[in-house]
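Enquirer: below are the sequence and a predicted model for it; my questions follow.
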Number of protein chains: 2
Amino acid sequence: MRTAFYVSDGTAITAEVFGHALLTLFPAQFEHITIPFVETADMAQQVKQRINDRYKTTGVKPLIFQTFVDDNLRHIINSSNGICYDFLNTFVEPIQRELGIAPVPKTHRTHSMHEKTYDFRIDAVNYALANDDGANMKNFDQADIILVGVSRSGKTPTSLYLALQYGIKAANYPFVEEDMDALRLPAELMRNKDKLFGLSITAERLSQIRQQRRPDSRYASIRQCAVELNEVEALYRQEQIPFLNSTHLSIEEISAKIIAKTGLKRHKY
Amino acid sequence: MRTAFYVSDGTAITAEVFGHALLTLFPAQFEHITIPFVETADMAQQVKQRINDRYKTTGVKPLIFQTFVDDNLRHIINSSNGICYDFLNTFVEPIQRELGIAPVPKTHRTHSMHEKTYDFRIDAVNYALANDDGANMKNFDQADIILVGVSRSGKTPTSLYLALQYGIKAANYPFVEEDMDALRLPAELMRNKDKLFGLSITAERLSQIRQQRRPDSRYASIRQCAVELNEVEALYRQEQIPFLNSTHLSIEEISAKIIAKTGLKRHKY
């Protein structure tokens, strides 16, 4: 199996995103090794040794996805027996030409701390935790968005992702039987109707997820799931609440679609 | 101000990471516009129009960071008045040559749903929520890692990030006064000592954070913060618990450092 190294003087998150986006295009298996915070020439020499050892033991050259800002460190890795792909270096020069200004190469800033954004994100995480699962509905007025849906349709992980990644304050509310009996939104939701976004899911998938939580319960039965989902989608339509079906979507895709559909303001780019 | 577009037939997360890593190297301000899920020729034409309009109104060509897998869609964007940077296309060919296999260009898989990984992540998020802030210490045996530290030192956001990004089950435990008085770990932590990882922070920063929560309290005073941090670092040393100071680190950096130091197994690459 071919080895892919992700190496950087920062978190190596960018190197990973860059490498994975490329490697997922190929029908092959890779062993992945991430080495972040390679900040000195000594450390870079050790990484080079590790790459060379891997070449020796496997007989194939490892692929190296690296995002060093420091030239000296980059050159050390480039002198290894790996095949090095360096997207920063490839694109910096054309962008510099277009902008007409020189880059200021500091250690990575992409995934490091920006105090203002950081506070937004921590506040948003605290908000999501305090307003998970319909807790504290009086705080809904402070929400940027309120995710609604039946139990286990993906509201909580999506709320946390929106908070952590984008500093968006997302509350979430699971519809309860009284809401469904009346086919009516509670007052706190009515008041914030423009912030509502619905999640739906297929009955089969919902049942599967609920089975893990309460095996062989009425709650997890396909019949019960189908009834709840039918009702909730009727409510979305009646109240003109935008919604999406999360069955085949990752948390990242659900979040990106919600932001695209609502035009929510993000606190991090 | 120059406009940067991030455009993709997927979430555009890769396009954003790619573009930001480059643009943060330049001392300039940009207006950022993300357009995900551009899945048809019609939609791509609309994006092209938007790029051209932006050029017309601002007089400078927008920078376009795009990660289309579909050739036809890519060509439409490339024919706009923006300056297009396309890292997938740039690197696919050399990687193909090295691997000796052809890419299988499907719509993006980087940030889409991989069922096995997905379940890991959702389980880990549920675990982190159920075991936040020292709740359910009996579940600590199931943890991959247990973050410890004083109140407000960054344990909760880090636990959630480890869960959401990597499917790592992270519990967290805030030391309480009895632990400190005895300078001793509770039994549930002793039993899982190899999973402990400590967070520390400067007294100034901790006080600042606590001020937001309880202004002008003893809890938020620099003196109280300093006492707690001294004690907790003494405990880390006494019990040989690895720890790091989170003061100037983002959640991403804390998480990457913890994974690098502990060798924790990630369920997502």
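Expert: Good, I have the coordinates.

Enquirer: buried set for stretch A:203-219?
Expert: Residues A:203, A:205, A:206, A:207, A:209, A:210 are the ones in stretch A:203-219 that count as buried (16 or more other Cβ atoms under 10 Å in any protein chain shown). (C-beta placed from N, C-alpha, C; glycine too.)

Enquirer: for residue A:28, the count of nearby residues, please.
Expert: A count of nearby residues for residue A:28, using other Cβ atoms under 10 Å in any protein chain shown, gives 12.

Enquirer: that one and residue A:22 touch, don't they?
Expert: No - contact criterion Cβ atoms under 8 Å: residue A:28 and residue A:22 do not qualify, at 11.6 Å.

Enquirer: that older thread, out of the buried residues of stretch A:203-219, who's nearest chain B?
Expert: Among those, residue A:209 lies closest to chain B (Cβ to the nearest Cβ), at 8.1 Å.

Enquirer: so what does the host helix or strand of that closest one touch, helix or strand wise?
Expert: Assigned by DSSP states H and E, residue A:209 falls within helix A:203-213. For helix A:203-213, the packing partners by 3 or more Cβ pairs under 8 Å, 6 or more residues apart in numbering or on different chains; DSSP states H and E come out as helix A:222-238.

Enquirer: contact partners for residue A:161?
Expert: Listed by Cβ atoms under 8 Å, 6 or more residues apart in numbering or on different chains, the contact set of residue A:161 reads A:251, A:252, A:255, B:164.

Enquirer: per-domain residue ranges of chain A.
Expert: According to automatic domain parsing, chain A comprises the domains A:2-99, A:115-262.

Enquirer: redo those domains as JSON lines? Include mean pLDDT.
Expert: Converted to JSON lines, the domains of chain A look like this (pLDDT from 0 to 100):
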{"stretch": "domain A:2-99", "mean pLDDT": "95"}
{"stretch": "domain A:115-262", "mean pLDDT": "92"}
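
Enquirer: residue B:57 is nearest to which of those?
Expert: Closest to residue B:57 of the domains of chain A is domain A:2-99 (Cβ to Cβ; 18.6 Å).

Enquirer: gap between the two ends of the closest one?
Expert: 38 Å (Cα to Cα, to the nearest Å).

Enquirer: quick check, residue A:9 in contact with residue A:66.
Expert: No - look at residue A:9 against residue A:66 with Cβ under 8 Å: they stay out of range, at 9.3 Å.

Enquirer: quick one, which of those two is more surrounded?
Expert: A direct count of neighbours by other Cβ under 10 Å for residue A:9 and residue A:66 places residue A:66 higher, at 30 against 21.

Enquirer: now the more buried one: closest residue in space that isn't a chain neighbour?
Expert: residue A:7 (4.6 Å; Cβ to Cβ, 6 or more residues apart in numbering or on different chains).

Enquirer: hey, what's that neighbour bridged with?
Expert: Judged by DSSP bridges, the bridge partners of residue A:7 are residue A:35, residue A:66.

Enquirer: from residue A:19, how far out is the residue sitting furthest away from the middle of chain A?
Expert: Residue farthest from the centre of chain A, counting by Cα atoms, centre = their mean, is residue A:56 at 36.4 Å. Going from residue A:56 to residue A:19 by Cβ to Cβ, to the nearest Å gives 22 Å.

Enquirer: contacting residues for the residue positioned nearest the centre of chain A?
Expert: Compute the mean C-alpha point of chain A, and by Cα atoms, centre = their mean the closest residue is residue A:252, 4.4 Å away. Taking Cβ under 8 Å, 6+ apart, we find residue A:252 in contact with A:161, B:11, B:13, B:111, B:112.

Enquirer: just the local confidence number for the fourth one, please.
Expert: For residue B:111, the model assigns a pLDDT of 70.

Enquirer: against chain A, how distant is it?
Expert: Distance, residue B:111 to chain A, by Cβ to the nearest Cβ, to the nearest Å: 4 Å.

Enquirer: what do you get for the third one?
Expert: Noted for residue B:13: a distance of 6 Å to chain A, by Cβ to the nearest Cβ.

Enquirer: end-to-end on stretch A:23-33?
Expert: One end of stretch A:23-33 to the other measures 13 Å (Cα to Cα).

Enquirer: mind listing what's buried along it?
Expert: Applying 16+ other Cβ under 10 Å to stretch A:23-33 flags A:23, A:24, A:25, A:26, A:30, A:32, A:33 as buried.

Enquirer: same check on stretch A:44-60?
Expert: Buried positions in stretch A:44-60, judged by neighbour count with 16+ other Cβ under 10 Å: A:44, A:45, A:47, A:48, A:50, A:51, A:52, A:54, A:55.

Enquirer: what residues are up against the residue nearest to residue A:66?
Expert: A:15, A:34, A:35, A:38, A:47, A:64, A:65, A:66, A:67, A:68, A:77.

Enquirer: now do residue A:259
Expert: Contacts for residue A:259 (Cβ under 8 Å, 6+ apart) come out as A:162, A:166, A:168, A:266, B:34.

Enquirer: with secondary structure and distance to residue B:132 added, can I get these in CSV?
Expert: Formatted as CSV, the contacts of residue A:259 follow (DSSP: H, G, I helix; E, B strand; the rest coil; distance: Cβ to Cβ, whole Å):
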residue, secondary structure, distance to residue B:132
A:162, helix, 18
A:166, helix, 21
A:168, coil, 20
A:266, coil, 25
B:34, strand, 31
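
Enquirer: follow-up on the earlier one: just checking, what packs against the helix or strand where the residue farthest from the centre of chain A lies?
Expert: Element membership of residue A:56 [criterion: DSSP H and E] is helix A:41-58. Contact analysis of helix A:41-58 by 3+ Cβ pairs under 8 Å, 6+ apart lists strand A:2-7, helix A:71-78 as its packing neighbours.

Enquirer: what do you get if the cut-off is 10 Å, keeping everything else the same?
Expert: strand A:2-7, strand A:30-35, strand A:63-66, helix A:71-78, strand A:83-85 (3 or more Cβ pairs under 10 Å, 6 or more residues apart in numbering or on different chains; DSSP states H and E).

Enquirer: and the helices in the stretch 101-250 of chain A?
Expert: A:115-130, A:155-166, A:177-182, A:187-191, A:203-213, A:222-238 (DSSP state H, counting those that start in this stretch).

Enquirer: closest to residue B:231 out of the ones you listed?
Expert: helix A:115-130 (24.1 Å).

Enquirer: what comes up buried for the closest one?
Expert: Counting neighbours by 16+ other Cβ under 10 Å, one finds that the buried residues in helix A:115-130 are A:117, A:118, A:120, A:121, A:122, A:124, A:125, A:126, A:127, A:128, A:129.

Enquirer: hmm, back to that, the residue farthest from the centre of chain A and residue A:82 touch, don't they?
Expert: No - taking contacts as Cβ atoms under 10 Å, residue A:56 lies outside contact range of residue A:82: 11.9 Å.

Enquirer: can you give me the pLDDT of residue A:106?
Expert: pLDDT recorded at residue A:106 is 64.

Enquirer: what of residue A:268?
Expert: pLDDT at residue A:268 comes out at 66.

Enquirer: so how far is chain B from residue A:219?
Expert: Residue A:219 is 16 Å from chain B, by Cβ to the nearest Cβ.

Enquirer: still on that earlier bit, what touches both of residue A:9 and residue A:66?
Expert: Listed contacts common to residue A:9 and residue A:66 are A:38, A:44, A:73, A:74; contacts here mean Cβ atoms under 10 Å, 6 or more residues apart in numbering or on different chains.

Enquirer: need the contact list for the second one.
Expert: For residue A:44, the set of contacting residues under the criterion of Cβ under 10 Å, 6+ apart consists of A:7, A:9, A:35, A:38, A:66, A:68, A:70, A:72-77, A:79-80.

Enquirer: how about a cut-off of 8 Å?
Expert: A:38, A:72, A:73, A:76, A:77 are the contacts of residue A:44 under Cβ under 8 Å, 6+ apart.

Enquirer: much appreciated, bye for now.
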